[in-house]
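Undergrad: The following block contains a protein sequence and its predicted model.
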Amino acid sequence: GTNRETIRTGLSEESIRAAFLDNLFYLQGRFPEVATLNDQYKALAYTVRDRLLHRWVATTRAYQKANPRTVCYLSAEYLPGPFLGNNLLNLGIEEPTRRALAGLGIELDALLEHEEEPGLGNGGLGRLAACFMDSLATLQVPAIGYGIRYEFGIFDQVIRDGGQVETTDNWLRFGNPWEVRRPAIAYDVRIGGYTEQTTDAQGRFGVRWVPNEVFNGIAVDTAILGHGVNTVNLLRLWTAEAAEGFDFHAFNRGDYYGAVVREVRSETISKVLYPNDEPEIGKRLRLLQQYFFVTCSLQDMIRIHRTTGQPLDKFHEKFSVQLNDTHPAIAVAELMRLLVDEHQMGWDAAWEVTRHTFAYTNHTLLPEALEKWPIPLFQNVLPRHLEIIYEINARFLDEVRLRHPFDTARVQRMSIIDEAPPRFVRMAHLACVGSFAINGVAELHSRLLKETVLRDFFELWPEKFQNKTNGVTPRRFVMLSNPGLSRLLTRTLGAGWARDPSQLRVLERHADDAAFQQEWREVKRSRKEALAARILDRCNVSIDPDSLFDVQAKRIHEYKRQHLNVLHIVTLYNRIKFNPGLDITPRTFIFGGKAAPGYAMAKLMIRLINAVADVVNRDPDVAGRLRVVFLPNFSVKLGHGLYPAADLSEQLSTAGKEASGTGNMKFSMNGALTIGTLDGANVEIREEVGADNFFLFGLTAEEVVRTLAEGYRPWDIYNANLELKGVIDLIASGHFSHGDRTVFQPLVDHLVWHDNYLLLADYAGYIACQEQAGLTYRDSRQWTRMSILNVARMGKFSSDRTIAEYCRDIWRAEPMAVDV
Ligand code: 26V
């Protein structure tokens, strides 16, 4: 039958087909014969959403009844990737859905391919937030992810004449079937203006903030379903709108158009995502965005808290609020403002609540990446918050002076205000002072945090510091994107590995089993063929699935050293040119990643990759041995096709610079071997998979510091290593730029004269290590064994483990099962 229950909730092939046709008709106004791909996609998306909705309602009910402690994750970025496949997987209805559509002559894969993903983040930080939301739901922990519903996410990258060109990401163009707008959940957001002192009837002083602009934040919700459970948590993103009735003042004066213009302006607050790896201080709109989503989120938490009937001085017992980097750190001052100014709490009581509410995760050691806001800008946008920060700072610095009398240098270093003109608000210091826990994202990074950028804070509050090594969700990054491997794993181990990846250890027993190895290779081979087909289609380059797929996919940045990879490619190119009969392991080098639009050197690195690709791929002398591909517009979705197809994963960051990395985990979980430095989570990956199953090279973090301190001279290395010199000279000669010697000159000059990221110091070790990797690949039994052992031993890097640790050590949050 096709009664309402079946249509809306049924999980059988028949009810899914009936629901699909129903949605096609009633939501899209279409019948099968005229439906476009987009109509079909939407009809299916709504079919799946219906099946989420009753779990969503059941979860909300259960939370309302039990009033559990709730994790609030505050993040300016989320990169959830496409939803359709993941929701089908978590609901366990992929197969009946596939059959339901096949019965109508529609291929599920075509609809999956059609979905446009929300690019609401730059890279690892935003993707981590999405993995955490997945794990929180899967572990059945009550949680809300708060963020910004950018109308335009990360730009789309096209490669034109070998260089990156940015185009706007219009991801909402065809509508977003996964979101539910909640116009009733809206909050005032004030900006600018001034403050004045007030006195109430009892003669108590207070402060009134008279803003010069007010607008609204409206909640837009997306359901986050856990895997194999009924828990649906909320991703609540805020969109900016003009306050209702907007500018009455202007309106009354008859300035209708002026008022409408204002309306347009307020909407620009959530208009566009900023690239976070561009050193940009003083961008007023970015500060507005941060404050905008923070105030809406905190007001929402206070509203929820009040529905429980508990007083506000118990706020921190209901909520644990995680600051994903410093982007939401203004929350410390905003919660104080809400409690003191809006809810008449005394300062000391409010501070008790605040400092027990927040915990702060740091995601980078790069000094240029630590956020600070010029005081005049801050004063102009958030005058009341500046007063509150001064007060927090005064009390905090008293505490520092008490502990370290006469140490004025320390007081200056630790102050939330950088007093050396021009003056700044240091957001990391505000986050540290206002949080009860501070963590880094890998062991090495957490240690370096305590020794370097946050050393003074560690000395003051050692008990606040923790490590929480990152992880990734094995549902999206293995089950969903690598169904062939998943089937093999499930057939070999049973279905439990995706929720409990420690079970993968059992694979070790099969590492040398010839028949199992054969199946393992067939899985990898099929993913490589699929990627080859995609690359032929998108880049018009044919690649050989038998060659070693050597992949580097991540944001383009000097510290990530994609250009070191290029130096290796040109080294091999030169070796073959000088010795045409050279017997080397055939390789396909695949790159993916975006450069921040204002980061000239990163853009030049993209140019270099494409220029080398152009020459190498055309040269008959190296054909069959070398191919280079730059896959444009890398995204979560493209990652699905890339991680499973990789043989070798490039993790080349200068030691001490990459806080963790998470791509490294995705590759290794899919059976790629890593060539990498002792940086970020590479260190722990190597520890887990075993030194024999990891290609290690390069200076350690300590050696990097020492080398730079001792007066590093890349020019000397360039002159001492003839092969390196040959490579750099060839790039400088214009060989890859149609004879033009100027194009890559900034890059070459930088390398030989400055080389802050120590490519030349690591070059020889990298080349030798690559040679070892190439040789090992030829021993297919050895390589396969190493690949199997990597997957077997990567269990630690499930984000479920990470989240379980946050719950235990920071959030004090517990699972709560939901029945439907
Ligand atoms: C920001 C900036 C701004 C100034 C120029 C250089 C620069 C470089 C990086 C960043 C991003 C900082 C925050 C971030 O995205 N961190 C990343 O977080 C991931 C999740 O923890 C982690 O895996 C990456 O290693 C880390 O770079």
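TA: Perfect, I can see it now.
Undergrad: all contacts plus neighbour counts: C-alpha atoms, from now on.
TA: Will do.
Undergrad: Ramachandran angles for residue 439?
TA: Dihedral angles of residue 439 (phi, psi; degrees, to the nearest 10) stand at phi -140, psi 150.
Undergrad: OK, contacts around it?
TA: 360, 361, 362, 446, 465, 466, 467, 468 (CA atoms under 8 Å, 6 or more residues apart in numbering).
Undergrad: Just flag the most distant two among these.
TA: 360 and 446 (12.4 Å; CA to CA).
Undergrad: Show me where the protein dips below the pLDDT cut-off.
TA: 1-5, 244-266, 279-282 (pLDDT under 70).
Undergrad: picking up where we left off before, name the member of the contacts of residue 439 with the most neighbours.
TA: residue 360 (27 neighbours; other CA atoms under 10 Å).
Undergrad: show me the residues around it that make contact.
TA: With CA under 8 Å, 6+ apart, residue 360 has these contacts: 322, 323, 324, 325, 326, 431, 432, 435, 437, 438, 439.
Undergrad: Columns distance to the ligand on top of those residues, output as a markdown table?
TA: Below are these laid out as a markdown table (distance: CA to the nearest ligand atom, whole Å):
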| residue | distance to the ligand |
| --- | --- |
| 322 | 13 |
| 323 | 12 |
| 324 | 9 |
| 325 | 7 |
| 326 | 9 |
| 431 | 15 |
| 432 | 16 |
| 435 | 18 |
| 437 | 16 |
| 438 | 13 |
| 439 | 10 |
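Undergrad: if you look at the contacts of residue 439, which of them are in helices?
TA: residue 446 (DSSP state H).
Undergrad: From the contacts of residue 439, pick out the ones that also neighbour the ligand.
TA: By CA under 6 Å from any ligand atom, no member of the contacts of residue 439 lies near the ligand.
Undergrad: Distance to residue 99 for the contacts of residue 439 - can I get that in CSV?
TA: Formatted as CSV, the contacts of residue 439 follow (distance: CA to CA, whole Å):
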residue, distance to residue 99
360, 46
361, 44
362, 46
446, 49
465, 51
466, 48
467, 46
468, 42
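Undergrad: Let me see the backbone angles for the residue lying closest to residue 603 once chain neighbours are set aside.
TA: In this structure, residue 603 finds its nearest non-sequential neighbour in residue 595, 5.8 Å apart by CA to CA, 6 or more residues apart in numbering. Backbone torsions of residue 595, given as degrees, to the nearest 10, read phi -100, psi 140.
Undergrad: same check, this time on residue 122
TA: Residue torsions, per degrees, to the nearest 10, at residue 122 are phi -90, psi -40.
Undergrad: Mind telling me what element residue 180 is part of?
TA: strand 179-191 (DSSP states H and E).
Undergrad: tell me what that strand is packed against?
TA: For strand 179-191, the packing partners by 3 or more CA pairs under 8 Å, 6 or more residues apart in numbering; DSSP states H and E come out as strand 213-225, helix 284-307.
Undergrad: domain ranges for the protein?
TA: 1-66+87-114, 67-82+117-468, 546-780 (automatic domain parsing).
Undergrad: who in the stretch 551-700 of the chain is up against the ligand?
TA: Residues of the stretch 551-700 of the chain lying near the ligand (CA under 6 Å from any ligand atom): 658, 659, 660, 661, 662.
Undergrad: Tell me the residues on the stretch 351-500 of the chain that lie near the ligand, please.
TA: Residues of the stretch 351-500 of the chain lying near the ligand (CA under 6 Å from any ligand atom): 363, 364, 368, 369, 441.
Undergrad: For the residue in the stretch 501-650 of the chain that the ligand sits nearest to, list the residues it contacts.
TA: Nearest to the ligand in the stretch 501-650 of the chain, going by CA to the nearest ligand atom, is residue 557, at a distance of 7.7 Å. By CA under 8 Å, 6+ apart, residue 557 lies in contact with 595, 602.
Undergrad: could you measure it against residue 629, distance?
TA: To residue 629, residue 557 is 18 Å away according to CA to CA, to the nearest Å.
Undergrad: and if you look at residue 452?
TA: 38 Å.
Undergrad: Mind checking which of those two has more residues around it?
TA: residue 629 (23 against 11).
Undergrad: in a strand, that's where the more buried one is, yeah?
TA: Yes: counting by DSSP: H, G, I helix; E, B strand; the rest coil, residue 629 is part of a strand.
Undergrad: what residues are up against it?
TA: 539, 541, 588, 589, 590, 591, 610, 613.
Undergrad: Any chance of TSV for those, columns secondary structure and neighbour count?
TA: Formatted as TSV, the contacts of residue 629 follow (DSSP: H, G, I helix; E, B strand; the rest coil; neighbours: other CA atoms under 10 Å):
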residue	secondary structure	neighbour count
539	helix	13
541	coil	15
588	strand	24
589	strand	24
590	strand	20
591	strand	24
610	helix	23
613	helix	24
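Undergrad: Could you report the neighbour count for residue 158?
TA: Neighbours of residue 158 using other CA under 10 Å come to 16.
Undergrad: Give the closest residue to it in space, chain neighbours not counted.
TA: Counting by CA to CA, 6+ apart, the residue nearest residue 158 is residue 165, at 5.3 Å.
Undergrad: mind listing what's buried in the next helix or strand after the strand holding residue 180?
TA: Counting by DSSP H and E, the element after strand 179-191 in chain order, helix or strand, is strand 194-199. For strand 194-199, burial by neighbour count (16 or more other CA atoms under 10 Å) applies to residue 194.
Undergrad: which secondary structure elements does strand 194-199 contact?
TA: strand 205-210, helix 383-403.
Undergrad: In a markdown table, list the ones you listed along with mean neighbour count.
TA: Shown next, in a markdown table, are these (neighbours: other CA atoms under 10 Å):
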| stretch | mean neighbour count |
| --- | --- |
| strand 205-210 | 15 |
| helix 383-403 | 17 |
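Undergrad: Distance to residue 752 added to those, as CSV?
TA: CSV is the format used below for the helices and strands packed on strand 194-199 (distance: least, CA to CA, whole Å):
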stretch, distance to residue 752
strand 205-210, 55
helix 383-403, 44
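Undergrad: Please identify which of these is closest to residue 74.
TA: So among those, helix 383-403 is nearest, using CA to CA, at 18.6 Å.
Undergrad: contacts for that closest one?
TA: 192-195, 209, 333-334, 336-337, 378-379, 407-408, 411, 414-417, 430, 433, 460.
Undergrad: How many residues are close by the residue of the stretch 351-500 of the chain found nearest the ligand?
TA: Nearest residue of the stretch 351-500 of the chain to the ligand: residue 369, at 3.7 Å (CA to the nearest ligand atom). The tally of other residues near residue 369 (other CA under 10 Å) stands at 15.
Undergrad: Name the nearest residue to residue 756, sequence neighbours excluded.
TA: residue 708 (8.0 Å).
Undergrad: To clarify, my last question referred to residue 811.
TA: Per CA to CA, 6+ apart, closest to residue 811 is residue 320, 5.6 Å.
Undergrad: Show me what the helix or strand hosting that neighbour is packed against.
TA: Element membership for residue 320, per DSSP H and E: strand 319-324. On a contact count with 3+ CA pairs under 8 Å, 6+ apart, strand 319-324 meets strand 70-74, strand 358-361.
Undergrad: List of residues touching the following helix or strand past it?
TA: Remark: after strand 319-324, the chain's next helix or strand is helix 331-337, criterion DSSP H and E. Contact with helix 331-337 is made by 291, 294-295, 298, 347, 350-351, 354, 358, 384-385, 388-389, 430-431, 434, as judged by CA under 8 Å, 6+ apart.
Undergrad: And residue 756, how far from the ligand?
TA: For residue 756, the distance to the ligand (CA to the nearest ligand atom, to the nearest Å) stands at 13 Å.
Undergrad: Can you pull the phi/psi pair for that residue?
TA: Torsion angles, degrees, to the nearest 10, at residue 756: phi -60, psi -20.
Undergrad: Pull the number of nearby residues for it.
TA: Should you count by other CA under 10 Å, residue 756 turns out to have 16 residues around it.
Undergrad: Tell me how far it lies from residue 704.
TA: From residue 756 to residue 704 the distance is 10 Å (CA to CA).
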